[in-house]
Structures are given as structure tokens and as C-alpha cells.
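Peer 1: with the sequence up front, the predicted model follows.
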Amino acid sequence: MSQTISWKFQAQIPGGPSLAIAHALSVDAYEQTRVVISAGAEDEEVTLASGATLLVVSASSYADSDPTHILTFKVNNAGDPQEFVHALVLVGELAVSRFAGAALTSLSFSNPFATPVTVDILTARDATP
């Protein structure tokens, strides 16, 4: 059974332009995951269902008072770590697959902080691509 996910994005520059987008995405399945990345953890992997057409990732903290302490992630537990400094939102199969460079199967997080970080992940997909 198909589900509809409504999403909105708005950006506004004070005294300047703004952009607002609202859209509905029809999907067959979705998965919401909340994981706690332990203090000092390296490459803590979160497995994701393949075929995502929507990927939203946010964290309770991205950096701390030490500018060298930045939460990082790897896609499919490969390649160099990428700095995770803001929430990540990708809509559409093309956007998600280009981001991953292949089928997205996992995200791996490294937490340099002295405290745990909570990461929320929402994926949605068409079960019969």
C-alpha cells in the first residue's frame, strides 16, 4: 500500500529573497531509525534498506567548542569520512544514488565528542522499482 510523505523546505535571507518548496512523495515503504553514536565511536555503521528515494539525516550535535571535533560519516562504509555539519536532505532516486555513488546500503558515523550523539534517519522507497 502506497504512503504519501509531504515535505516542505523554506530558506529566507533577511531583507532579501526567499524560496519555499512543498511537495508530496508517494512511496511504498519508509523507515525511521534513531541511533545513539557512542562518545569516541569510529565508523559505527547503520544499515539501511536499499532503493531509497528519500533520505533525511539529522543529529543532536554536529560540532563542539573544539573546532577539530566534527561529527563525520561515510557512505556504505567506504571512502573518506565526510564532515556532517548540517542536516542532510535528499529527495528523489537520482539524488540519493548520486550521493551514494551506488545503491545506498549504510551510513557509518564517527563521533569525536566526549558525549554521545543521537542521529535520526528517515528513508523512504518504492518497494517494487
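Peer 2: Perfect, thanks for sending it. Numbers count the residues shown, from 1 in each chain.

Peer 1: CA atoms only: put the lowest-mean-pLDDT helix or strand in the chain into PDB for me.
Peer 2: Using mean pLDDT, DSSP states H and E, helix 93-100 stands out as the lowest-scoring helix or strand of the chain, at a mean of 89. The C-alpha coordinates for helix 93-100 follow below in PDB (Å, rounded to 0.1, in the frame of the first residue of the first chain):
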ATOM      1  CA  GLU A  93      16.100   8.300  -6.500                       C
ATOM      2  CA  LEU A  94      18.700  10.200  -8.600                       C
ATOM      3  CA  ALA A  95      19.800  12.500  -5.700                       C
ATOM      4  CA  VAL A  96      20.200   9.500  -3.300                       C
ATOM      5  CA  SER A  97      22.000   7.300  -5.800                       C
ATOM      6  CA  ARG A  98      24.400  10.100  -6.900                       C
ATOM      7  CA  PHE A  99      25.100  10.900  -3.200                       C
ATOM      8  CA  ALA A 100      25.900   7.200  -2.600                       C
END
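
Peer 1: what's it packed up against?
Peer 2: Packing contacts for helix 93-100, counted by 3 or more Cβ pairs under 8 Å, 6 or more residues apart in numbering; DSSP states H and E, involve strand 52-59. To be clear about C-beta, it is placed using only N, CA and C from the backbone, and glycine gets the same treatment.

Peer 1: follow-up on the earlier one: tell me what angle the least confident helix or strand of the chain forms with strand 52-59.
Peer 2: 50 degrees (axes from the mean of the first three to the mean of the last three Cα atoms, to 10 degrees).

Peer 1: for helix 93-100, list every residue counted as buried.
Peer 2: Buried positions in helix 93-100, judged by neighbour count with 16 or more other Cβ atoms under 10 Å: 96-97, 100.

Peer 1: look at the residue of the chain most remote from its centre and give its secondary structure.
Peer 2: The centre of the chain is farthest from one residue, Gly15, which by Cα atoms, centre = their mean lies 30.4 Å away. With DSSP: H, G, I helix; E, B strand; the rest coil as the basis, Gly15 sits in coil.
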